[in-house]
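Asks: the following comprises the amino acid sequence and a computationally predicted model.
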Amino acid sequence: MAQHKDNAREAILTAFQNLLIESRGTSASLDEVARRAGVTKGGLLYHFGSRRALEDALVDHLEAVAAEDFERMRTAPGGALAYYLPLRDYIDSPLDRATVSVGFLAHDHERARTLLAMMRSRYQELIAADVGDPLLARVALLLGDGLYYETLTTGAVPGDEVDIIDFVNRLRAAPPDAG
């Protein structure tokens, strides 16, 4: 029985996440979530007593997925920068989908906003520890954002991540301007 309960919960959460992404956060009613998950609305409310409880569960899910990602990034053989920039494994990954769907909740959900800001800070901290400079870490984050945006707008995953890593490494090695 517990397995069925877990499967239903997961199906509901996945349906909610997918609806938020597909509708760009504009339409994800409990009725539609239940229909997509293959449960009754009563079944949905059994697992998540309210829309807010469903939103909170999605934020919890992102928090868990992000914690796993931070650990992989912290221990990545090539370093945090090399882990962060390649988009091939990130686009449409569970982390990407969770982040985007929670992003649609962030306007009205304080904990979602707080988690997204914490994630941003944590990624920057991990990259800064790798490259030895908080400003270069910020530049790397912004470059990664640009690659992600390019992928979203063109549909093509850029293959320039290695060049960006080289660029950041050259910046790191450059002597300070005495100007």
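Replies: Received it, and whenever you're ready, just let me know what you need. Numbers count the residues shown, from 1 in each chain.
Asks: longest helix of the chain?
Replies: The single longest helix within the chain, with elements called by DSSP state H, is helix 51-74.
Asks: so what does that one touch, helix or strand wise?
Replies: With contacts defined as 3 or more CB pairs under 8 Å, 6 or more residues apart in numbering; DSSP states H and E, the packing partners of helix 51-74 are helix 2-22, helix 30-37, helix 80-84, helix 94-105, helix 110-131. All C-beta spots, glycine's among them, are computed from the backbone N, C-alpha and C.
Asks: compare those helices and give me the one nearest Val157.
Replies: Comparing these by their distance to Val157 (CB to CB), the top pick is helix 94-105, with 11.9 Å.
Asks: in the closest one, what counts as buried?
Replies: Residues of helix 94-105 classed as buried under the neighbour-count rule (16 or more other CB atoms under 10 Å) are 95-105.
Asks: now do that helix: which elements does it pack against?
Replies: Using 3+ CB pairs under 8 Å, 6+ apart as the contact test, the elements touching helix 94-105 are helix 2-22, helix 51-74, helix 110-131.
Asks: remind me which helix or strand Gly144 belongs to.
Replies: Under the criterion DSSP states H and E, the helix or strand holding Gly144 is helix 134-154.
Asks: need the contact list for the residue nearest in space to the middle of the chain.
Replies: The residue lying closest to the centre of the chain (CA atoms, centre = their mean) is Thr99, at 3.1 Å. The neighbourhood of Thr99, defined by CB atoms under 8 Å, 6 or more residues apart in numbering, consists of 62, 66, 116, 119.
Asks: list buried members of the residues you listed by neighbour count.
Replies: When burial is judged by neighbour count using 16+ other CB under 10 Å, the buried members of the contacts of Thr99 are 62, 66, 116, 119.
Asks: state the distance from the residue lying closest to Leu126 once chain neighbours are set aside to Leu141.
Replies: Computed as CB to CB, 6 or more residues apart in numbering, the closest residue to Leu126 that is not its neighbour in sequence is Ala80, at 4.3 Å. Applying CB to CB, to the nearest Å, the value for Ala80 to Leu141 is 11 Å.
Asks: perfect, I'm done here.
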